[in-house]
Structures are given as structure tokens and as C-alpha cells.
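Chemist: Please work out how this folds:
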Amino acid sequence: MANVAMDENQNNTEAVEQFEGLTGVQKCAILMLLIGEDEAANIMTNLSPEEVKSLGSSMYEVQDIDQETVNLVLDEFLQIIKANTALGFGASDYISTVMSKALGNEKAQSVLSKITPQDANNPIDILQWMDAKSISDLISDEHPQIIAVILSYLESAVASDVLSQLDPKLQPDIIYRLSTIENIQPEALKELEKVMEKK
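Modeler: Residues are numbered from 1 along each chain as shown. Below you'll find the model as predicted:
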């Protein structure tokens with residue numbers, strides 16, 4: 001047992017070292033290899049000839065990279081996506097700051113106390129307390145767009161674990177949808193909450 005644990009630690013260390021040695025283009029290349037031919041081709045059409053050449057050669061460089069390193073690239077990608085969506089953890093602070101600047105501290109606190117959603121009543125927030133296997137079982141039958149939105153809401157390490165447990169055929173589509181998520185409209189979030197409540 002001790003040898004197995006040592007091997008895992010060594011593999012993790014090697015994966016971290018390999019990940020830290022990757023360039024941004026190589027990380028993009030790994031994601032391009034994960035999302036599938038159609039989605040990758042679609043992205044390539046929006047790049048300059050120099051970018052296509054650079055990305056293409058990087059795809060050859062990383063094609064044999066190990067799964068642990070791929071997972072680290074996915075973790076980082078999910079962190080970036082999460083930081084750039086309206087569902088990021090910074091949203092509450094942003095709303096509070098805007099309200100304070102607009103209304104003054106006292107009035108802002110009064111308004112915020114009435115409009116701030118209660119976390120316990122939000123079915124999506126409950127996912128934060130579930131393990132990756134339970135979440136993947138819960139959402140595996142949902143549309144890839146819904147899965148992508150849910151993953152963007154989770155902590156990146158959990159989201160990466162959930163993604164790895166979903167149907168491999170769906171993973172490229174979900175990764176592509178994650179990469180194209182921008183701001184999530186409140187109406188879409190309400191629909192998502194309804195889906196989760198039915199579970």
C-alpha cells in the first residue's frame with residue numbers, strides 16, 4: 001500500500017512539473033485536442049494564420065501528455081471560466097459595492113438585506129456540498145449546456161472531477177460550451193434552479 005501511495009505522489013509531482021512547464025499555447029492545444037474535431041475546427045477559423053500554425057504545432061507537442069497533467073489544465077481552464085462568468089464568487093461583493101456607492105452604506109445594507117438570496121434555498125448551492133460522483137450521477141442526463149453552466153458554478157477541482165466522470169462522448173461538447181459561456185442571464189439561472197429542484 002505504501003508503494004502505491006508513493007507512486008501516486010510521484011505521479012502527481014511529475015504532473016505538476018509538466019503542467020508548470022507548459023506554455024499558454026500548449027494548454028490551449030490540450031483543450032483543442034479534448035473538444036473534438038468540429039469544435040476545434042470552428043475555433044481555428046477565428047485565428048490568424050500565425051496562431052493556427054503555432055497552435056497546430058503545439059497540438060503535436062502535447063498529444064502524448066499524461067492524464068494527470070490534462071486534469072491540471074482542465075482545472076485551470078475551469079478556474080478561468082468561473083472567474084469570467086456572472087456566477088463567480090465575486091458577484092456578491094460587486095453588487096454590495098455598487099449598491100453602497102449608489103445609495104450610501106446604511107441604505108445599501110437595508111436594500112441588500114431584502115434582496116440577497118438565501119443560499120440554503122438555492123438548489124444549485126447545494127451542489128457545493130456534494131461529492132463529484134453524486135453530482136455527475138445527478139446531472140448526467142441533462143443537456144450539455146445545462147451541465148456546462150452547472151460546472152461553471154462549481155469549484156474548479158470539483159468541476160474537473162465531475163467532468164471526468166461524465167460520458168466521454170459528451171465531454172468535448174461540454175468543454176466547448178464551457179469555453180463559450182459568458183454572462184449567465186438571471187432567467188437562465190432560474191430555469192437551471194427549476195431543473196435542480198426537480199431532482
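Chemist: Following the record's annotation, map out the domains of the protein.
Modeler: Following automatic domain parsing, one gets these domains for the chain: 2-82, 118-198.
Chemist: Which of those sits closest to Asn105?
Modeler: domain 118-198 (22.2 Å; C-beta to C-beta). Bear in mind the C-beta positions are built from the backbone N, C-alpha and C, glycine included.
Chemist: Strands of this structure, start to end?
Modeler: Counting by DSSP state E, no segments of the chain form strands.
Chemist: got the residue ranges for the helices in it?
Modeler: 2-20, 24-35, 37-44, 49-62, 67-83, 91-103, 105-115, 123-126, 132-139, 144-153, 156-165, 171-180, 186-198 (DSSP state H).
Chemist: what's around the closest residue to Met59 other than its chain neighbours, how many residues?
Modeler: In space, Met59 comes closest to Ala29 once its chain neighbours are excluded; the distance is 4.4 Å by C-beta to C-beta, 6 or more residues apart in numbering. Other residues lying near Ala29 total 25 when counted by other C-beta atoms under 10 Å.
Chemist: Run a quick check on Ala29 versus Ile65, I expect a contact.
Modeler: No - here Ala29 does not reach Ile65: they are 9.3 Å apart, not a contact under C-beta atoms under 8 Å.
Chemist: Poorly predicted segments of this protein, please.
Modeler: Within the chain, the stretches with pLDDT under 70 are 1-11, 81-104, 107-125, 182-191, 193-199.
Chemist: If we use 80, what do you get?
Modeler: Residues of the chain that meet the criterion pLDDT under 80 lie in 1-12, 35-36, 78-130, 181-199.
Chemist: Now Pro172. Nearest residue, chain neighbours left out?
Modeler: Spatially, and ignoring its direct neighbours in sequence, Pro172 is nearest to Gly36 (3.6 Å; C-beta to C-beta, 6+ apart).
Chemist: how close does that neighbour sit to Ile43?
Modeler: Shown here: Gly36 relative to Ile43, a distance of 11 Å by C-beta to C-beta, to the nearest Å.
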